[in-house]
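**Q** Test case, fold it:
(4 chains)
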2 protein chains.
Amino acid sequence: MTKTAAAKAKPRFARVDADLRRQMLIEAAIRCLAEGGIAAFTVDRISREANVSRGLINHHFDGISGLLIEVYEAMTQSMLAAGRETLFFEGGPEERLTAVIDTMFRAPMFSKSSLRAWLALWGEVATNPRLKASHRKSYDAYRRAIGDALSEIAKARKVKLDAEALAMTVIALIDGLWIEWCLDSSVVDRDSARAAVYAVLEARLGPLKR
Amino acid sequence: MTKTAAAKAKPRFARVDADLRRQMLIEAAIRCLAEGGIAAFTVDRISREANVSRGLINHHFDGISGLLIEVYEAMTQSMLAAGRETLFFEGGPEERLTAVIDTMFRAPMFSKSSLRAWLALWGEVATNPRLKASHRKSYDAYRRAIGDALSEIAKARKVKLDAEALAMTVIALIDGLWIEWCLDSSVVDRDSARAAVYAVLEARLGPLKR
DNA sequence: TTCCTTGTTATACATTCGTTCAACAAGGAA
DNA sequence: TTCCTTGTTGAACGAATGTATAACAAGGAA
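**A** Predicted coordinates for the structure are as follows:
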């Protein structure tokens, strides 16, 4: 088997549609983020993780910082998408609310790799204005979805309630429980975290179907 | 004025006691963390921030990663110290509980710079085993302080309560509110965040002195 | 087959990173 | 004053960073 024969038999690389390749690179970047935090978000590691050459990142993205933006937007998209099937769920506000909450305590959201990646990104959001803008927009949608459901439930049950404030509380609680579990799994697990959220809600709204 | 005369008049640097210098470097590192996240945690930036030469960090610490450890421990120490005067506060469990909570919504804890630094560190805790161990220890103390107070209050009021679970909830909620405020101050402020914590507690325990 | 578009590689480059180390000098001790 | 300890500097080093660019080649179009 000569060198040229081998070269003919097996192409040195496979061409991939640009959009697909971008997606592959974004996914590889998220894996790096989950494994090594923001320190692992480098051209070398990401391109190696994606099994492509270093140069390809700059071909498909606006540099490494451009990739970071797109990674953040991809993650918020997939979070909202995970909730979307539940956000526009057929059924009353109670079903919608519990569906959204349960989504946050189930894979793919509730997983070490995903939450580690989020944790790494939050540290950058505080500093990076573009990430901050993206964060604000997606959290508004998130907060509104929960707030609307809470508002409807409270109205139906004739409970006086600041739905926006409680939505903020629920989201903060979920984020905080994610962190506790991510940094020290010995003090929380999936079920107790989920139960904590429902305990807070039921203390205000009364029993919820779940 | 000759060169030597000037040199005699103004020493090129001032010698500082080792412990004090270490503290100065740690504080400079925290300032960098708050300004630029973990990406700004470099020898160059920190030594410039502290107005010393690059070499000094390796003289006083076990490399840049050693400094990171000590920065984390210094921050947890100062958090616990901020609460300590309230942790061993004279008075009943109710006063102790409200004192600890209020500490978390008052400077120096509740400030953009402090919380940005925490956010940057959390992203590293998930990856770094030594940071993780340090985190676990300090949060145990934190959780126990709140849990004990909650337990005493519940007992006095004859309220059935899982104090440990509620302590976890309170801490997660505080962390989550910190994040929301840090990443988007338009949706929360100090007072509404603090109010959210008390609302959760009072829904279980009844009215609290505050 | 012969093109030609464009996804892909590989190298080179200037910076910046963390660490090491010899030399320096501040400031107290004698 | 004269030591001497040790906090401090500054340069040097290799490794790693992100970017730019020329050469390559895969795979469809003609």
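**Q** show me what contacts the residue of chain A found nearest DNA strand D?
**A** Residue nearest to DNA strand D within chain A: A:G63 (2.7 Å; C-beta to the nearest atom of the strand). Using the backbone N, CA and C atoms, a C-beta is placed for each residue, glycine as well. Counting by C-beta atoms under 8 Å, 6 or more residues apart in numbering or on different chains, A:G63 makes contact with A:I57.
**Q** And A:D62, by the same measure?
**A** A:D62 sits next to no residue when contact means C-beta under 8 Å, 6+ apart.
**Q** Secondary structure element holding A:E164?
**A** For A:E164, the host element (DSSP states H and E) is helix A:163-183.
**Q** packing partners for that helix?
**A** Other helices and strands packing on helix A:163-183, by 3 or more C-beta pairs under 8 Å, 6 or more residues apart in numbering or on different chains; DSSP states H and E, are helix A:93-104, helix A:112-125, helix A:129-156, helix A:190-205, helix B:112-125, helix B:129-156, helix B:163-183, helix B:190-205.
**Q** and these as JSON lines, adding mean pLDDT, distance to DNA strand C and mean neighbour count?
**A** Below are those laid out as JSON lines (pLDDT from 0 to 100; distance: least, C-beta to the nearest atom of the strand, whole Å; neighbours: other C-beta atoms under 10 Å in any protein chain shown):
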{"stretch": "helix A:93-104", "mean pLDDT": "94", "distance to DNA strand C": "33", "mean neighbour count": "19"}
{"stretch": "helix A:112-125", "mean pLDDT": "97", "distance to DNA strand C": "16", "mean neighbour count": "22"}
{"stretch": "helix A:129-156", "mean pLDDT": "94", "distance to DNA strand C": "20", "mean neighbour count": "17"}
{"stretch": "helix A:190-205", "mean pLDDT": "98", "distance to DNA strand C": "35", "mean neighbour count": "18"}
{"stretch": "helix B:112-125", "mean pLDDT": "97", "distance to DNA strand C": "13", "mean neighbour count": "22"}
{"stretch": "helix B:129-156", "mean pLDDT": "94", "distance to DNA strand C": "14", "mean neighbour count": "17"}
{"stretch": "helix B:163-183", "mean pLDDT": "98", "distance to DNA strand C": "24", "mean neighbour count": "23"}
{"stretch": "helix B:190-205", "mean pLDDT": "98", "distance to DNA strand C": "34", "mean neighbour count": "18"}
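**Q** any chance of the ones you listed in TSV, plus distance to A:A163?
**A** What follows is those, written out as TSV (distance: least, C-beta to C-beta, whole Å):
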stretch	distance to A:A163
helix A:93-104	10
helix A:112-125	25
helix A:129-156	4
helix A:190-205	10
helix B:112-125	26
helix B:129-156	27
helix B:163-183	16
helix B:190-205	13
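**Q** Quick one, which of these gets closest to A:R54.
**A** Judged by C-beta to C-beta, the one of the helices and strands packed on helix A:163-183 that comes nearest to A:R54 is helix A:112-125, at 21.4 Å.
**Q** does DNA strand D sit close to the closest one?
**A** No. Using C-beta under 7 Å from any atom of the strand, helix A:112-125 stays clear of DNA strand D, with a minimum separation of 12.7 Å.
**Q** mind saving the C-alpha coords of that helix as CSV?
**A** Coordinates of each C-alpha in helix A:112-125 appear next as CSV, following Å, rounded to 0.1, in the frame of the first residue of the first chain:
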residue,chain,number,x,y,z
LYS,A,112,-23.5,18.4,35.8
SER,A,113,-22.1,19.2,32.4
SER,A,114,-24.9,21.6,31.5
LEU,A,115,-24.8,23.5,34.8
ARG,A,116,-21.0,23.7,34.8
ALA,A,117,-21.2,25.3,31.5
TRP,A,118,-23.8,27.8,32.7
LEU,A,119,-21.7,28.6,35.8
ALA,A,120,-18.7,29.3,33.6
LEU,A,121,-20.8,31.6,31.4
TRP,A,122,-22.4,33.5,34.2
GLY,A,123,-19.0,34.6,35.3
GLU,A,124,-18.5,36.1,31.8
VAL,A,125,-21.9,37.7,31.5
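**Q** Are that helix and chain B in contact anywhere?
**A** Yes. Helix A:112-125 reaches chain B (C-beta under 8 Å from any C-beta of the partner chain) through A:115-116, A:119-120, A:122-125.
**Q** Likewise for stretch A:34-52?
**A** Yes. Using C-beta under 8 Å from any C-beta, we find that stretch A:34-52 touches chain B at A:35-39.
**Q** which of these count as buried?
**A** A:36-39 (16 or more other C-beta atoms under 10 Å in any protein chain shown).
**Q** neighbours of the nearest residue to A:A18 once chain neighbours are set aside, just the number please.
**A** Nearest residue to A:A18, sequence neighbours excluded (C-beta to C-beta, 6 or more residues apart in numbering or on different chains): A:H60, at 6.7 Å. By other C-beta atoms under 10 Å in any protein chain shown, 19 other residues sit near A:H60.
**Q** Assess the claim that A:H60 and A:R22 are in contact.
**A** Yes. If you go by C-beta atoms under 8 Å, A:H60 and A:R22 touch, sitting 5.1 Å apart.
**Q** hmm, stretch A:28-42 in reach of DNA strand C?
**A** No. Figure legend: stretch A:28-42 not in contact with DNA strand C (C-beta under 7 Å from any atom of the strand); closest approach 9.7 Å.
**Q** So what touches that stretch?
**A** Applying C-beta under 8 Å, 6+ apart, the external contacts of stretch A:28-42 come out as A:45-47, A:49-50, A:64, A:67-68, A:71, A:74-75, A:112-114, A:116-117, A:119-121, A:123-124, B:37-39, B:123-124, B:126-127.
**Q** swap in stretch A:154-167?
**A** By C-beta under 8 Å, 6+ apart, stretch A:154-167 touches A:93, A:143-144, A:146-148, A:150-151, A:153, A:201, A:204-206, B:192, B:195-196, B:199.
**Q** burial count for the residue of chain A found nearest DNA strand C?
**A** Nearest residue of chain A to DNA strand C (C-beta to the nearest atom of the strand) works out as A:G55 at 2.3 Å. As a burial measure, A:G55 scores 10 neighbours (other C-beta under 10 Å).
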